[in-house]
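Engineer: next one to model:
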Amino acid sequence: MSWFKRELKGIITSTEDKKEAPDGIWNKCPQCKKPLHYSEQVENQYVCHYCGFHIRIGSKEYFSILFDNNEFTEIAPNLTSGDPLSFVDTKKYSDRLKDTIKKTGLNDAIRAAYGKIDGQDIVIACMDFNFIGGSMGSVVGEKIARSIDHSIATKAPFLMISKSGGARMMEAAFSLMQMAKTSAKLALLAQAKVPYISLLTDPTTGGVTASYAMLGDINIAEPGSLIGFAGPRVIKETIKKDLPKGFQTAEFVQEHGFLDFIVDRREMKDKLASFLRMMAN
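Structural biologist: Residues are numbered from 1 along each chain as shown. Down below sits the predicted model:
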């Protein structure tokens, strides 16, 4: 019977003739679960065109979105972390660094560069969550410091794009010192009257939130970003109360006065250019 076998010729493809879709061509939106083609993601700046969810991206993607013609000069690109404490958990910290560098192609959880946005000079430091959870170690602090030094020297505004799980436990006090170091550098930037814009993306937590991420002349965030210090479970156990709906989302944080604007990534470059022109005047 026809429903047990194919009657038409030419519609059966043998196994050896089937073509697999290359890895990375298709993936699912983490929020609405609908399929997204890679070319569509790039064209829409990695924002789901079905539900508007902002997919996590790294410094490579942010630089291509923000810098004019994706042209920039990187600051201290070869700076890497040491292992001052000879830290060992499930494996040596030095070995984990080598493995992560090889896997991600990054030297640490941040890249910094200077270039132009809409023809206006700017210095951008952008964190990468793929590198040990975007954790803040000594290299992160040093690159931010050098970026601020470049901003002061050239009078170019500084943009910090934060995306981090917090301090890097493998560097202990060396990591925590970066909170004071970067905050002090930002104070010098303010004294020099050079604008600082802080962009908080998903997630921005821990010591990063407690330092440079919240110190901008203008603090902005992408929609739906997780922003906070401690995790919601820790807070709930501490205060012994249920947390309000939407707690620690960018929208909740803005409602309570810690953010100036929430900006869609597709409008980010135009908004930043507008902020730069406004602050230049």
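
Engineer: and the residue positioned nearest the centre of the chain, backbone torsions?
Structural biologist: Against the mean C-alpha coordinate of the chain, by Cα atoms, centre = their mean, the closest residue is K163 at 3.7 Å. Phi and psi for K163, reported as degrees, to the nearest 10, are phi -160, psi 100.

Engineer: ditto for A167
Structural biologist: Taking degrees, to the nearest 10 as the convention, A167 sits at phi -70, psi 150.

Engineer: which ones are touching D68?
Structural biologist: 115-119 (Cβ atoms under 8 Å, 6 or more residues apart in numbering). Yep, even glycine has a C-beta here, placed from its N, CA and C like the rest.

Engineer: swap the cut-off to 6 Å and go again
Structural biologist: Contact analysis of D68 by Cβ atoms under 6 Å, 6 or more residues apart in numbering lists K116.

Engineer: how's the chain carved up into domains?
Structural biologist: What automatic domain parsing lists as the domains of the chain is 22-55, 57-280.

Engineer: chain center to the last one, what's the gap?
Structural biologist: Centroid separation for domain 57-280 versus its chain: 7 Å, with Cα atoms, centre = their mean, to the nearest Å.

Engineer: with the shortest one instead?
Structural biologist: Taking the mean C-alpha point of domain 22-55 and that of its whole chain, the gap between them comes to 17 Å (Cα atoms, centre = their mean).

Engineer: in it, which residues are buried?
Structural biologist: The neighbour-count check on domain 22-55 (16 or more other Cβ atoms under 10 Å) flags 29, 36, 41, 45-48, 52-55 as buried.

Engineer: for stretch 246-261, same thing?
Structural biologist: Counting neighbours by 16+ other Cβ under 10 Å, one finds that the buried residues in stretch 246-261 are 248-250, 252-254, 258-260.

Engineer: burial count for E237?
Structural biologist: By other Cβ atoms under 10 Å, the residues close to E237 number 10.

Engineer: in JSON lines, list the domains of the chain along with mean pLDDT.
Structural biologist: Shown next, in JSON lines, are the domains of the chain (pLDDT from 0 to 100):
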{"stretch": "domain 22-55", "mean pLDDT": "89"}
{"stretch": "domain 57-280", "mean pLDDT": "96"}
